[in-house]
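**Q** my questions are about this predicted structure, shown below with the sequence.
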Amino acid sequence: MTENMFAVLYVFIFCIEVAFSLASCGKTSMFLKIYMSHPEDCSLYYVCFHGRRFLKKCDDDEVFDRNSKSCVPKGSKTDSCSSMLGKHSMICSSPGGLLPHTQSCAKYFDCSSTSIGGIPRTRECPYPHLFDRATKSCRYFTEVDCKDRPEPKHPCDYDVKPCHGSHCPPCRSQYPSCVGRPDGLSPWQGRELTQHYVICSFERAIFRGVCTNSRIFHPTKLKCVNSDQVKPTLEKKSKMV
């Protein structure tokens, strides 16, 4: 390869790098130094200068404050990043990217779709899936490590409810909860001493069952039994009502 070809290749690569930096930082960064917050980590920030973007990191126990354009003590009054990151006030580092939501492990930010003001839209995985920050996709809850992100476990903890509209009954009356319960068969909370039961797995109701032949799900034996085996309990329940 001749020296001229090397020169052409160098100029080509340089132009691509400048174009990418301008797309990320904006044309004004050719003349002014611009500070930008990191979309996922409050301790990181970008400095744009001469059309190029540089990643910087604050000291330990400090976060970047986009208002003062400086590093401030984490959790202090001047810490705007921690709260704003969970309120959609973030900058997408790349168009079309997907970013984890800080307030729910089932939600994520879609940088390819923005609302008024350029704010990325919030999307939600279907129950019981969660958003995996490593693969940038919705995956079954057993395959996702939420770390410090709150993890919804009940269908009604998701924004997108299984039933929509004013005609729908209260969500929690239609969908059982396994939160705080061990794995396996369990009585349906709110429908005890009936035919209904659930199967729990990692505090999720993965199956809703109904005993057949008019049998009733026993709350302590955890199986379907004839009604005469729970008759004393049923009589006690009717007196309480």
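**A** Everything's here; your move.
**Q** beta partners for the residue lying closest to residue 222 once chain neighbours are set aside?
**A** Nearest residue to residue 222, sequence neighbours excluded (C-beta to C-beta, 6 or more residues apart in numbering): residue 185, at 4.5 Å. Glycine gets a C-beta too; all of them are placed from N, C-alpha and C. In this entry, residue 185 is beta-bridged to residue 199, by DSSP bridges.
**Q** and residue 185, what is it in contact with?
**A** Taking C-beta atoms under 8 Å, 6 or more residues apart in numbering, we find residue 185 in contact with 197, 198, 199, 200, 222, 223.
**Q** try it again with 6 Å
**A** 197, 199, 222 (C-beta atoms under 6 Å, 6 or more residues apart in numbering).
**Q** and residue 203, how close does it get to residue 42?
**A** Per C-beta to C-beta, to the nearest Å, residue 203 is found 30 Å from residue 42.
**Q** which of those two has more neighbours?
**A** A count of neighbours by other C-beta atoms under 10 Å puts residue 42 above the other of residue 203 and residue 42, at 23 against 17.
**Q** reduced to three states, what does the more buried one come out as?
**A** Put simply, residue 42 is coil when judged by DSSP: H, G, I helix; E, B strand; the rest coil.
**Q** if you rank the contacts of residue 185 by neighbours, which is first?
**A** That'd be residue 197 among these, by other C-beta under 10 Å, with 24 neighbours.
**Q** my guess is that one meets residue 209, correct?
**A** Yes. Residue 197 is within contact range of residue 209, at 5.1 Å (criterion: C-beta atoms under 6 Å).
**Q** got the domain boundaries for this structure?
**A** Domain assignment for the chain, taken from automatic domain parsing, gives 24-77, 85-168, 176-240.
**Q** pLDDT of the last one, averaged?
**A** If I follow you right, that is domain 176-240. Averaged across domain 176-240, pLDDT comes to 88.
**Q** show me how far that domain is from its chain's centre.
**A** Centre-to-centre, domain 176-240 and its host chain are 32 Å apart (C-alpha atoms, centre = their mean, to the nearest Å).
**Q** and if you look at stretch 42-59?
**A** What separates the centre of stretch 42-59 from the centre of its chain is 26 Å, taken as C-alpha atoms, centre = their mean.
**Q** okay, that stretch in CSV with CA atoms only?
**A** Below are the C-alpha coordinates for stretch 42-59, written out as CSV (Å, rounded to 0.1, in the frame of the first residue of the first chain):
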residue,chain,number,x,y,z
CYS,A,42,-24.3,8.9,37.7
SER,A,43,-20.5,8.8,38.5
LEU,A,44,-19.6,9.1,34.8
TYR,A,45,-20.0,12.0,32.4
TYR,A,46,-18.9,13.1,28.9
VAL,A,47,-16.8,16.1,27.9
CYS,A,48,-17.2,17.2,24.3
PHE,A,49,-14.5,19.5,22.9
HIS,A,50,-13.2,20.1,19.4
GLY,A,51,-15.9,17.8,18.1
ARG,A,52,-14.7,14.8,20.1
ARG,A,53,-16.3,13.1,23.1
PHE,A,54,-14.3,12.0,26.2
LEU,A,55,-15.6,9.8,29.0
LYS,A,56,-14.7,11.0,32.5
LYS,A,57,-15.4,9.7,36.0
CYS,A,58,-16.0,11.5,39.3
ASP,A,59,-14.2,10.6,42.5
